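Visitor: for reference, the sequence and a predicted model appear below.
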Amino acid sequence: MCGRYASSREPSDLVAEFEIEAGNVRETVEELGENYNVAPTNQVVAVVERKNREQPDETIRKLTTVKWGLVPSWAKDTSIGSRLINARMETVAEKPAFKKAFATRRCILPADGYYEWYTAEEKVNGKPVKQPYFIHPPDGSILSMAGLYEIWRDKSVEDPDKDEAWLWTCTVLTTSATDDLGRIHDRMPLLVERERYDAWLDPLSSDTDDVLELLVPAAPGRLEAYAVSKAVSSVKNNGPHLLDPLPPDGEDPQDSPTTLF
């Protein structure tokens, strides 16, 4: 699964990477700022492409913010979102919660990298030790995670023209982890390579077979992983120090009683 990630890119970097025209960046993107411990229910940055209302055959690419945890348009309330933070590639085109979004509401969730926890055989106080790892492109490029988004109508807000009347949410697509990362966890986010951005985001392309062909696991060596402090395990902790590799001796600053986060 993918349950935590880091997102610290400047909006200008994302505008350049995803070729977004001036005026198509929502104000909330600037307000969001850096987040080195993105967790479910957080607001996150997303790249979406919407049909142009004035020219139905054209689309507009936007940089916006959405809540992590997908709420299908048919949901009675938003509580389902906490259970839909990931969508499995193997079933995404069939599951009722995801199939509509997979057909026409695909997005990209930009990240620096994501966190995954390795469960060791050793135990402390009878509980397995879980060591977090940060998994990222070694060249420092943007990790473009494949996602889906939905727009849910909040009927408690009478005026449909108000922003509060519509809740935008998302989920991250996952697949089986590649051999080099599978030792840490058996699932990983699906990535969208740069040459496939246009096809993945295009809302006018709804053939699920064609869309599925766009999704391939990261090539071996595309990502690297290193152990980080257990501080990332608490959503209360945030900041660039969470990305610091553990020292060669493996001593975790989180285990030191004099360290404050």
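Guide: Noted; the coordinates are in hand.
Visitor: doesn't P128 make contact with W117?
Guide: No - taking contacts as CB atoms under 8 Å, W117 lies outside contact range of P128: 10.0 Å. (Glycine included, C-beta is placed from N, CA and C.)
Visitor: who's more crowded, the two?
Guide: Neighbour count, other CB atoms under 10 Å: between W117 and P128, W117 has more, with 19 against 12.
Visitor: which residues touch that one?
Guide: Listed by CB atoms under 8 Å, 6 or more residues apart in numbering, the contact set of W117 reads K130, Q131, P132, Y133, I184, H185, S233.
Visitor: mind listing what's buried along the strand or helix carrying it?
Guide: Applying DSSP states H and E as the criterion places W117 in strand 113-124. Going by neighbour count (16 or more other CB atoms under 10 Å), the buried part of strand 113-124 is G113, Y114, Y115, E116, W117.
Visitor: for those residues, name the two members farthest from one another.
Guide: G113 and W117 (14.2 Å; CB to CB).
Visitor: how about the helices in the stretch 101-250 of the chain?
Guide: Assigned by DSSP state H, counting those that start in this stretch, the helices in the stretch 101-250 of the chain fall at 179-182, 197-201, 208-213.
Visitor: if we can go back for a sec, the strand holding W117 pairs with which strands?
Guide: strand 5-7 (antiparallel), strand 127-136 (antiparallel) (DSSP bridges).
Visitor: of those, flag the one that's most buried.
Guide: strand 5-7 (a mean of 25; mean count of other CB atoms under 10 Å).
Visitor: now, which of the contacts of W117 sits nearest E94?
Guide: Set against E94, the nearest of the contacts of W117 by CB to CB is H185 (23.9 Å).
Visitor: now the helices of the stretch 101-250 of the chain as CSV including distance to A93 and mean pLDDT?
Guide: Shown next, in CSV, are the helices of the stretch 101-250 of the chain (distance: least, CB to CB, whole Å; pLDDT from 0 to 100):
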stretch, distance to A93, mean pLDDT
helix 179-182, 24, 67
helix 197-201, 14, 96
helix 208-213, 4, 88
